[in-house]
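*Asks:* attaching a predicted model along with its sequence, questions to come.
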Amino acid sequence: MRTTKLPQNSQHIRNDLPQKGIEIREAVAKNNSNPNQPNWSYIIRNQLYQGNPKQVLSLYTQIRRKGLYILGLVPLIFKACVSASTQTYGKSLHAESIKSGVAIDLHISSSLPNMYSKCGNLVDSLKVFDEMPERNVVTRNAMIVGYLKNGDRESALDLFENICQSE
């Protein structure tokens with residue numbers, strides 16, 4: 001399998017990021033190449049921080065079509081779903097994560113309540129949170145912020161008080 005050489009000069013990539021992302025995506029599509037995970041992570045992270053969540057989702061779709069599942073990208077894709085306001089894509093990725101057995105990964109499971117609550121879906125956010133075998137500061141904070149963002153101050157306060165009592 002052939003691979004596309006990515007420019008080594010990170011400053012060059014950063015300055016021309018939108019165009020470079022498009023060029024790399026086109027090169028991957030044309031050559032059926034398979035850039036390695038760090039390169040995909042770099043491209044997707046930068047596209048996300050440049051404010052191109054739909055570009056991120058498009059790139060990730062291409063990665064999945066190539067048969068790759070890069071665990072480290074999943075939390076970034078959930079962030080892109082929030083930015084693009086597309087809960088449907090996030091739900092699909094969540095289902096795929098469950099089927100492949102990686103939904104129990106701490107980074108993925110920590111990203112889910114945040115994604116669902118920021119998309120306005122407190123039901124699924126709470127379901128994921130309740131089913132988590134281990135909750136951490138990130139997931140608890142995501143639930144509190146989700147409650148507050150969706151106008152449920154009482155639930156946010158209840159969760160905060162439960163956290164304080166358990167520690």
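*Replies:* In hand now; what should we look at?

*Asks:* show me the contacts for the closest residue to residue 74 other than its chain neighbours.
*Replies:* Nearest non-adjacent residue to residue 74, counting by CB to CB, 6 or more residues apart in numbering: residue 108, 5.0 Å away. From N, CA and C alone the C-beta is placed, and that goes for glycine too. Each residue near residue 108 by CB atoms under 8 Å, 6 or more residues apart in numbering is listed here: 71, 74-75, 78, 97, 102.

*Asks:* quick check, nearest of those to residue 57?
*Replies:* residue 78 (10.8 Å; CB to CB).

*Asks:* surely the closest one and residue 114 touch.
*Replies:* Yes. Using CB atoms under 8 Å, residue 78 is in contact with residue 114, at 7.2 Å.

*Asks:* which one of these two is surrounded by more residues?
*Replies:* Neighbour count, other CB atoms under 10 Å: between residue 78 and residue 114, residue 78 has more, with 25 against 22.

*Asks:* three-state assignment of the more buried one?
*Replies:* helix (DSSP: H, G, I helix; E, B strand; the rest coil).

*Asks:* so what's it up against?
*Replies:* Applying CB under 8 Å, 6+ apart, the residues near residue 78 are 90, 93, 108, 111-112, 114-115.

*Asks:* where's the dip in pLDDT among these?
*Replies:* Within the set of those, pLDDT is lowest for residue 108 (83).

*Asks:* do you know how far that one is from residue 150?
*Replies:* 22 Å (CB to CB, to the nearest Å).

*Asks:* and residue 159, by the same measure?
*Replies:* 13 Å.

*Asks:* which of these two has more neighbours?
*Replies:* residue 159 (19 against 16).

*Asks:* isn't the more buried one up against residue 141?
*Replies:* No. Judged on CB under 8 Å, residue 159 makes no contact with residue 141 at a distance of 9.8 Å.

*Asks:* report the secondary structure state of residue 67.
*Replies:* coil.

*Asks:* check contacts around it.
*Replies:* Per CB under 8 Å, 6+ apart, neighbours of residue 67: none.

*Asks:* and the pLDDT at it?
*Replies:* pLDDT at residue 67 comes out at 83.
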